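Colleague: predicted model and sequence follow; I will ask about them next.
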Amino acid sequence: MKRIKYIAIIVSFAVVILGLSIWHIVLPDADVSYTERRELAEAPELTLSGLFSREFSDDLESYLLDQFPMRDGFREINTAFRLYVLGQRDSNGIWIKDGSVFKMESTLNEEQVKYAARLYNSVADMYLEDLNVYYSIVPDKSYFAAEANGYPHIDFDKLVSIMNENVTCAEYIDIFDTLSIDDYYRTDTHWQEQCIFPVAERLAGGMGMAEYLTPEEDYTVHELSPFYGVYLQQSALPIEPDTLTYLTSDYTENAVVTGPMYEHEGVYIPELIDDMDGYDVFLGGTQPIIEIECPNARTDRELYIFRDSFGSSLAPLFTGAYSKITIIDLRYVTSQYLGNMVSFTPGSDVLFINSTLVLNTAMIMR
């Protein structure tokens, strides 16, 4: 009887392995994983000389792992087991509350934050002597949920204090109280454009431009789905993707956006929702320098925004107030060469705005 039982187990195991192998062969290879936001490995070229090489075996292993049938399903089962059966409070630093996904970050890197302040001061000394300079800080969405739910988090108040003590070139505009957890995407780190009118109003007010902002009621809301946020792939759980929204007005539609990779009429590129990073819908994603010409703007003033990806969805809300908006990402352009690429018009406004996540790793900026 035992022998029959063992034979049955062996046969069942062999059938599963054989079935998965056949499924792997028959199933078409996927080019990208939208949940992981990356390209998947392709089958390595088989040659006689490379058959026994280490490189071939490594490439083959990557290919088999990436193209394994039901790969996302097995990842979901593993994470769900750890969270809901073993009772772990997070999975690889990712935690979930009320359907929203968060990334745990508990260490405040004070030297990194001080570096950000010094970089702001250095850029201002080199280029911004005759301009009106302001700065603001975008709180990570864990600011609104981590402490209340007992999860570790960085000391946000101290981060702001360090910046205020060390940034000597700019006036601080506080936007923390204009935001809530509902203003951020459930599966992503970013805020939702239709929710940040209070942010835009606070910033514009601080720069003396509030009266020129396009009123919220003058925008048309557009929806794109599915939007797979950056935390969706990291959570490896069957969470419904978000719906990305963007706002159009006469000002955004007539603006001309010029970047190193394209020139585009209108500040949004909706077709990029299907790319690996759907947030690239806003201004085409991360680029070193982008210029927005706003021919219908209500003033002839210029605005320079030193930003990270949060600025991509914020900048369009200023197209009615400024005739030209230049967007600079110091993660992708070195500040010491900036004068060769950007002409700063005296009397213009300058806004440094980075998220707490970027300020806490500020040495990625140069």
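Modeller: Ah, there it is. Treat the numbers as computed from the prediction; the structure is a model and nothing was measured.

Colleague: show me where pLDDT drops low in the stretch 1-150 of the chain?
Modeller: 1-91 (pLDDT under 70).

Colleague: try 80
Modeller: Filtered on pLDDT under 80, the stretch 1-150 of the chain yields the residue ranges 1-93.

Colleague: next, the closest residue to residue 219 other than its chain neighbours: phi, psi?
Modeller: Of all residues not flanking residue 219 in the chain, residue 247 sits nearest, at 4.1 Å (C-beta to C-beta, 6 or more residues apart in numbering). For the C-beta atoms, the positions are set from N, CA and C on the backbone; glycine is no exception. Here is the backbone geometry of residue 247 (degrees, to the nearest 10): phi -120, psi 130.

Colleague: what sits against residue 107?
Modeller: Counting by C-beta atoms under 8 Å, 6 or more residues apart in numbering, residue 107 makes contact with residue 154.

Colleague: distance check, it against residue 181.
Modeller: Using C-beta to C-beta, to the nearest Å, residue 107 is found at 22 Å from residue 181.

Colleague: what of residue 356?
Modeller: Counting by C-beta to C-beta, the gap from residue 356 to residue 181 is 15 Å.

Colleague: compare these two (neighbour count), which wins?
Modeller: Legend: neighbour count by other C-beta atoms under 10 Å for residue 356 and residue 181, higher for residue 356 (24 against 16).

Colleague: count of neighbours near the nearest residue to that one once chain neighbours are set aside?
Modeller: Closest residue to residue 356 apart from its sequence neighbours, by C-beta to C-beta, 6+ apart: residue 140 at 4.8 Å. The local packing of residue 140 (other C-beta under 10 Å) involves 23 other residues.

Colleague: what does residue 258 give?
Modeller: 13.

Colleague: before we move on, what about residue 340?
Modeller: Residue 340 has 7 nearby residues by other C-beta under 10 Å.

Colleague: likewise for residue 105?
Modeller: Using other C-beta under 10 Å, residue 105 has 19 other residues around it.

Colleague: cool, and residue 336?
Modeller: With other C-beta under 10 Å as criterion, residue 336 counts 11.

Colleague: helix/strand/coil for the residue nearest to it when sequence neighbours are not counted?
Modeller: Take residue 336 and drop its neighbours on the chain: the residue closest to it by C-beta to C-beta, 6+ apart is residue 126, 7.5 Å away. Using DSSP: H, G, I helix; E, B strand; the rest coil, the structure places residue 126 in helix.

Colleague: which residues are in contact with residue 126?
Modeller: 335-336, 338-339.

Colleague: with residue 160 instead?
Modeller: Contacts of residue 160 by C-beta under 8 Å, 6+ apart are 137, 174, 176.

Colleague: before we move on, back to that, got phi/psi on the residue nearest to residue 356?
Modeller: Torsion angles, degrees, to the nearest 10, at residue 140: phi -60, psi 150.

Colleague: surely it and residue 105 touch.
Modeller: Yes: here residue 140 reaches residue 105: they are 7.1 Å apart, a contact under C-beta atoms under 8 Å.

Colleague: touching both of the two, which residues are there?
Modeller: In contact with both residue 140 and residue 105: residue 357, using C-beta under 8 Å, 6+ apart.

Colleague: returning to that earlier point: tell me the pLDDT of the residue nearest to residue 219.
Modeller: pLDDT, residue 247: 97.

Colleague: can you list the domains in this protein?
Modeller: Domain assignment for the chain by automatic domain parsing gives 2-85, 106-364.

Colleague: so can I have a markdown table of those domains showing distance to residue 99?
Modeller: Listed next are the domains of the chain as a markdown table, based on distance: least, C-beta to C-beta, whole Å:
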| stretch | distance to residue 99 |
| --- | --- |
| domain 2-85 | 13 |
| domain 106-364 | 6 |
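
Colleague: residue 98: which of the ones you listed is closest?
Modeller: Closest to residue 98 of those is domain 106-364 (C-beta to C-beta; 8.5 Å).

Colleague: any idea how far apart the tips of that closest one sit?
Modeller: End-to-end distance of domain 106-364 (C-alpha to C-alpha, to the nearest Å): 19 Å.
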